[in-house]
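Novice: structure for this input, please:
(one chain, ligands or ions: 1)
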Amino acid sequence: MRLDISGLSVAVAGQRLVHDVTLTAGSGRLIGLVGPNGSGKSTLLRCVYRALRPAAGTVHLDGTDLHALTAREAARLLAALPQEAGTDFDFTAAEVVAMGRLPHQRGSGRPSAADRALCDRALARVGAAHLAERGFLRLSGGEKQRVLIARALAQEPQVLVLDEPTNHLDIAQQLDVLALVRDSGLTVLAALHDLNLAAVHCDELHVIAGGRIVASGPPHDVLTAELLAEIFGVRAHRVRHPETGAVQLLFDRLPAA
Ligand SMILES: Nc1ncnc2c1ncn2[C@@H]1O[C@H](COP(=O)(O)OP(=O)(O)OP(=O)(O)O)[C@@H](O)[C@H]1O
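Specialist: Residues are numbered from 1 along each chain as shown. Now for the predicted structure:
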């Protein structure tokens, strides 16, 4: 399913934080959103997953206006991993994942055997089957993150919107989660801080600064030394991975302007 964001502006408390963003995620593509702290990544994603309404512009899924759907209709198509996700109630991890099935349930709202099997598979896919009966509130940050990714997968969406999906994860888990997301076949829009991870895993990157998209395209076309200096305040050196030949970026801090 194709995600089209067109002329999207987002305001919070009367202040416009995201300006006129246009980008497309083709079906099955993994699109990365990168930018410095406070550049508007979460605000943009929050509007895409309907936690905020657009001040202007639209979000379409295969031509359907996402903000014109009911919450249940939208949740059958699009699942989100928010940055500050979770629950204040002491549900088990399995119960948190089962919440992903709510948009698909009718009547009693109780998960069916098929729902439970799907949730078990989602937990297993993120390597968290052993956490099923643990209280969510007592999980580590990385364990919580994996359970929340399982909840998003259990929702069986067509599109995933991920705000820092590798936050809290150790390096092996970061690589596993991005590989899982890549191999899911879903259309994915993900905010990522690690530029090397983003470059390796994403089909395309969009750089956001001051709430505006300032560069877009294939990762290594976008992450130029000039852009990294101007937008991130770092000097970047390109080196090749000795075995795979993949380009890796090494960074030094530039003196503050
Ligand atoms: N509810 C709010 N009220 C006022 N300002 C806000 C609000 N939410 C976000 N902002 C401001 O909007 C700007 C963009 O914030 P946002 O969280 O979208 O950035 P981000 O790129 O996701 O940052 P980070 O990388 O630090 O997570 C920041 O300056 C932030 O302080």
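Novice: packing partners for the helix or strand containing V97?
Specialist: Element membership for V97, per DSSP states H and E: helix 93-98. Applying 3 or more C-beta pairs under 8 Å, 6 or more residues apart in numbering; DSSP states H and E, one finds that helix 93-98 contacts helix 113-125, helix 141-154. Placement of C-beta: from N, CA and C, glycine included.
Novice: what sits up against the longest one?
Specialist: Residues external to helix 141-154 that are found in contact with it (C-beta atoms under 8 Å, 6 or more residues apart in numbering): 79-81, 85-86, 93, 96-101, 118-119, 122-123, 125-128, 131, 134, 136, 139, 160, 162, 165, 167-170, 173, 177, 180, 184.
Novice: strand partners (parallel or antiparallel) of whatever helix or strand comes next after it?
Specialist: Scanning forward in sequence from helix 141-154 by DSSP H and E, the next helix or strand is strand 159-163. Counting by DSSP bridges, the strands paired with strand 159-163 are strand 78-81 (parallel), strand 187-191 (parallel).
Novice: which parts of the stretch 101-250 of the chain are helices?
Specialist: Using DSSP state H, counting those that start in this stretch, the helices of the stretch 101-250 of the chain run over 113-125, 141-154, 171-183, 195-201, 219-222, 225-227.
Novice: show the average pLDDT along the fifth one.
Specialist: In this model, helix 219-222 has an average pLDDT of 94.
Novice: nearest to the ligand, of the strands paired with strand 159-163?
Specialist: The ligand lies closest, by C-beta to the nearest ligand atom, to one member of the strands paired with strand 159-163: strand 187-191, at 6.4 Å.
Novice: distance check, H201 against the ligand.
Specialist: To the ligand, H201 is 18 Å away according to C-beta to the nearest ligand atom, to the nearest Å.
Novice: what's the pLDDT at the residue nearest to that residue when sequence neighbours are not counted?
Specialist: Closest residue to H201 apart from its sequence neighbours, by C-beta to C-beta, 6 or more residues apart in numbering: L178 at 4.4 Å. With respect to pLDDT, L178 has a value of 92.
Novice: cool, and S108?
Specialist: 64.
Novice: list the buried residues for stretch 90-106?
Specialist: Using 16 or more other C-beta atoms under 10 Å as the test for burial, stretch 90-106 gives F91, A93, A94, E95, V96, V97, A98, M99, G100, R101, P103, H104.
Novice: in a markdown table: these, plus distance to A215.
Specialist: Formatted as a markdown table, these follow (distance: C-beta to C-beta, whole Å):
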| residue | distance to A215 |
| --- | --- |
| F91 | 41 |
| A93 | 39 |
| A94 | 42 |
| E95 | 42 |
| V96 | 37 |
| V97 | 37 |
| A98 | 40 |
| M99 | 37 |
| G100 | 34 |
| R101 | 39 |
| P103 | 35 |
| H104 | 38 |
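Novice: follow-up on the earlier one: of the strands paired with strand 159-163, which is nearest V21?
Specialist: strand 187-191 (11.2 Å; C-beta to C-beta).
Novice: contact partners of that closest one?
Specialist: 1-3, 25-34, 41-42, 45, 48, 83, 158-165, 181-182, 202.
Novice: the residues you listed, buried ones only, as a PyMOL selection?
Specialist: Those of those that count as buried under 16+ other C-beta under 10 Å are selected in PyMOL with:
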select buried, resi 1+2+3+25+29+30+31+32+33+34+41+42+45+48+158+159+160+161+162+163+164+165+181+182+202
